[in-house]
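[1] Here's a sequence, model it:
(chains A and B)
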Amino acid sequence: MWHEIDSPVIRSIMLEEEKKHIQRAKGGNKEAFGLLYDHYLPKIYRFIFLKVANRAEAEDLAHEVFLNAWQSIYRYKDEGFPFSSWLYQIAKNGVIDFYRTSKKNIQLEAVNEELVKINANYPENLETALALEKLQKIIRLLKPEYQDVLIMRFVEDMSHEEIAAILNKSEGAVRLIQHRALKELKSLYEKNSQLNDYGTTTLEA
Amino acid sequence: MEQLLSRLKAIEPNKEYRERSRVLILNSQQISYPTFFNRILDTIQYGAAYSLAIIFIFLLVGGLSMFSRGIYSPAVISNLDPQTLKEESENFDIQIQLSQAEYYENSAKTIEIALNATSDEIKTNNDKERLDELLKELTL
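    Numbering: from 1, shown residues only, chains lettered A, B, ... in the order given. As a prediction, the model looks like this:
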């Protein structure tokens, strides 16, 4: 298992280590892929969960992502970006397919139970937990592109370069999307806070 | 807002799910890396399929004229083949000419016989008249 360290030297050593695991996984080594799975599952699961709003569906989709990755890892080509870029691309396509095939509309009120369970894990006070719950609901009201950038940038701490590679956009475009997404998120968050002050719990885009 | 977003890192998958999913994935069959030989086989397979389809369509719509003359083309209809029709028409003319010659030969013989018979009859008729004349003379 790797640890999240920001030092560029340690990061490059980790990337070298990761390359070795990928090469071994390409040769069918289960242990090597298991290590990649352990390291990346929480990130991919979180990314999917924040977009689909349902724990069971997020689990199914995350499972599909890693199953696809295991079965087609020979197609992966190292282009200078972390392995996670490839996994995020698979996850992003999986979420798009999920909405295309199921054509589900997220029922915000129906996911409250799931959110409460997750919020119980937060070592925060009730106020923070409620704020995070509201934030998750509002993220799902944003455009998928805005969701991707916000989650990757602020939840997963990815660089603009990495995000640009995953979304097939330039770094400048990613910065612009990030700016717009944050602006819209803040606007919706404040709007919702005002509505709550008047006793309304409905979330509207 | 950015700080609030970073707190969403606390979202984590269930431990039981994590282990179950891991076991299922690692026990599934990994698709093997296609070797050079496999790639060639795949290429040949696709190439052969496309070639056969093209040949079939080609033959179905008539194909080359040399195919249309042969026995291999399913599109050949012998009654419409110009070469066969020409040969048949030439043979037909010869047969007509031979039957005409045979007819003329047979009819000439028949006419000759008929003419002889007629001339004999005329002859006999003439003799009878002569005899009648002679008998008249004798009786007178």
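
[2] alpha carbons only for contacts and neighbour counts from here, please
    Fine.

[3] Select the helix or strand of chain B having the lowest average pLDDT value.
    helix B:65-69 (a mean of 57; mean pLDDT, DSSP states H and E).

[4] Helix or strand next in line after it, which one?
    helix B:82-139 (DSSP states H and E).

[5] near chain B, which residues of chain A show up?
    A:26, A:28, A:30, A:33-34, A:37, A:41-42, A:45-46, A:59, A:63, A:66-67, A:70-72, A:74, A:118, A:121-122, A:132, A:135, A:151, A:154-156, A:186 (CA under 8 Å from any CA of the partner chain).

[6] Quick one, which of the residues you listed are buried?
    A:26, A:28, A:30, A:33-34, A:37, A:41-42, A:45-46, A:59, A:63, A:66-67, A:70-71, A:74, A:118, A:122, A:132, A:135, A:151, A:154-156, A:186 (16 or more other CA atoms under 10 Å in any protein chain shown).

[7] Report the helix or strand with the lowest average pLDDT across chain A.
    One helix or strand of chain A scores below all others by mean pLDDT, DSSP H and E: helix A:112-119, with a mean of 50.

[8] tell me which residues in the helix or strand that it is followed by are buried?
    As assigned by DSSP H and E, the chain's next helix or strand after helix A:112-119 is helix A:126-139. Of the residues in helix A:126-139, A:Ala129, A:Leu132, A:Glu133, A:Lys134, A:Leu135, A:Gln136, A:Lys137, A:Ile138, A:Ile139 count as buried by neighbour count, 16+ other CA under 10 Å.

[9] And the pLDDT for the first one?
    Which is A:Ala129. On pLDDT, A:Ala129 comes in at 77.

[10] Look at the residue nearest to A:Phe81 when sequence neighbours are not counted and tell me its secondary structure.
    Excluding the flanking residues, the one nearest A:Phe81 by CA to CA, 6 or more residues apart in numbering or on different chains is A:Glu162, at 6.7 Å. Three-state call for A:Glu162 (DSSP: H, G, I helix; E, B strand; the rest coil): helix.

[11] Surely A:Glu162 is in contact with A:Gly80?
    No. With contact defined as CA atoms under 8 Å, A:Glu162 does not reach A:Gly80; the gap is 9.7 Å.

[12] hmm, back to that, quickly check the buried residues of helix A:126-139 for the two that are furthest apart.
    Pairwise distances among the buried residues of helix A:126-139 were taken by CA to CA; the largest, 15.4 Å, belongs to A:Ala129 and A:Ile139.
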